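Chemist: could you look at this predicted model? Sequence included:
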Amino acid sequence: MGRHGFGVDVGGSGVKGALVDLDTGELVGDRIKILTPQPSTPDAVADTVAEITRLAGWSGPVGVTIPGVVTGGIARTAANIDPSWIGTDARALFGDALGGRAVTVLNDADAAGLAEDTFGAGRDRRGLTILLTFGTGIGSALLHDGVLIPNTEFGHMEVHGKEAEHRAASSVKEDHDLSYKDWAKQVSKVLIRFEELLWPDLFIAGGGISRKHDKWIPHLTNRTPVVPAALRNTAGIVGAALAVEAGIAP
Ligand code: BGC
């Protein structure tokens with residue numbers, strides 16, 4: 001039996017957890033999903049995370065993602081979860097809810113970036129990689145030669161007078177009923193701006209819309225290669241499990 005870890009991905013609609021094979025990045029057994037409690041307060045979410053580890057029969061360390069900035073274990077922003085997360089010591093909260101075992105809490109896109117860089121689309125690629133998750137907003141992860149620089153919030157960078165995520169999140173495509181081609185124009189503007197400032201070697205496109213990559217990646221006009229995420233909806237879970245095992249604790 002290989003090395004195993006446990007990751008939980010807290011999102012606006014669902015809390016998902018699974019046992020992860022840390023040598024292959026594959027899930028071992030089922031992914032357990034419980035709807036995010038409403039309101040998604042820290043205590044309610046911590047109970048849900050504890051319930052998922054209990055259902056999985058896991059008693060070891062746990063990595064948890066949240067959709068916001070985490071520094072020193074403390075949640076600093078809260079996108080799509082209850083605003084009472086801001087200022088919450090998330091590491092202590094989950095640690096208590098999980099009986100005092102080792103816990104790492106990190107940003108959801110950072111976890112996805114770690115997973116993609118280790119096992120997915122960024123595997124065997126050196127240099128600077130930027131993963132972007134296109135969803136309700138845009139999450140970002142920045143990695144250099146496999147090392148994560150946590151808490152980049154590139155989705156909030158202003159691009160031609162508008163926040164990147166207000167220009168090119170996949171929710172913008174839906175809300176304005178844009179064609180893939182027209183939406184790709186907006187994504188290109190965002191990627192070109194990131195290129196001017198960061199000079200990445202690779203972009204990885206994640207989020208649900210990455211499954212339809214053949215419809216929009218060919219329309220992009222930026223310079224740097226853009227590849228679709230490979231792990232799809234398990235990246236957050238896998239990255240969380242990797243982070244706790246590697247002692248990555250932003
Ligand atoms: C948040 C990020 C998060 C992303 C995806 C953004 O609005 O600011 O922290 O990673 O949404 O959930």
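Modeler: Sure thing, it's come through. Residues are numbered from 1 along each chain as shown.
Chemist: so which residue is smack in the middle of the chain?
Modeler: Nearest to the mean C-alpha position of the chain, counting by C-alpha atoms, centre = their mean, stands residue 109 at 2.3 Å.
Chemist: that one and residue 137 touch, don't they?
Modeler: No. If you go by C-beta atoms under 8 Å, residue 109 and residue 137 don't touch, sitting 9.4 Å apart. To be clear about C-beta, it is placed using only N, CA and C from the backbone, and glycine gets the same treatment.
Chemist: where's residue 185 relative to the ligand, distance?
Modeler: 22 Å (C-beta to the nearest ligand atom, to the nearest Å).
Chemist: could you report the neighbour count for that residue?
Modeler: 16 (other C-beta atoms under 10 Å).
Chemist: so who does it touch?
Modeler: 219, 221 (C-beta atoms under 8 Å, 6 or more residues apart in numbering).
Chemist: Three-state assignment for it, please.
Modeler: Three-state call for residue 185 (DSSP: H, G, I helix; E, B strand; the rest coil): helix.
Chemist: over to the one 4 residues further on?
Modeler: State at residue 189, reduced to three classes by three-state DSSP: helix.
Chemist: how much space between it and residue 167?
Modeler: Remark: distance between residue 189 and residue 167 (C-beta to C-beta, to the nearest Å) = 7 Å.
Chemist: what touches both of those two?
Modeler: Joint contacts of residue 189 and residue 167 (C-beta under 8 Å, 6+ apart) are 159, 160.
Chemist: the two: which is more packed in?
Modeler: Each of residue 189 and residue 167 has its neighbours counted (other C-beta under 10 Å); residue 167 has more, 21 against 18.
Chemist: now for whichever strand or helix holds the more buried one, which elements pack on it?
Modeler: Using DSSP states H and E, residue 167 maps to helix 164-168. If contacts are counted by 3 or more C-beta pairs under 8 Å, 6 or more residues apart in numbering; DSSP states H and E, helix 164-168 sits against strand 138-144, helix 180-198.
Chemist: mind checking if the helix or strand just after the last one is in reach of the ligand?
Modeler: Secondary structure here is assigned by DSSP H and E; on that basis, the next helix or strand after helix 180-198 toward the C-terminus is strand 202-206. No. Using C-beta under 6 Å from any ligand atom as the criterion, no contacts between strand 202-206 and the ligand are found, and the smallest distance is 9.7 Å.
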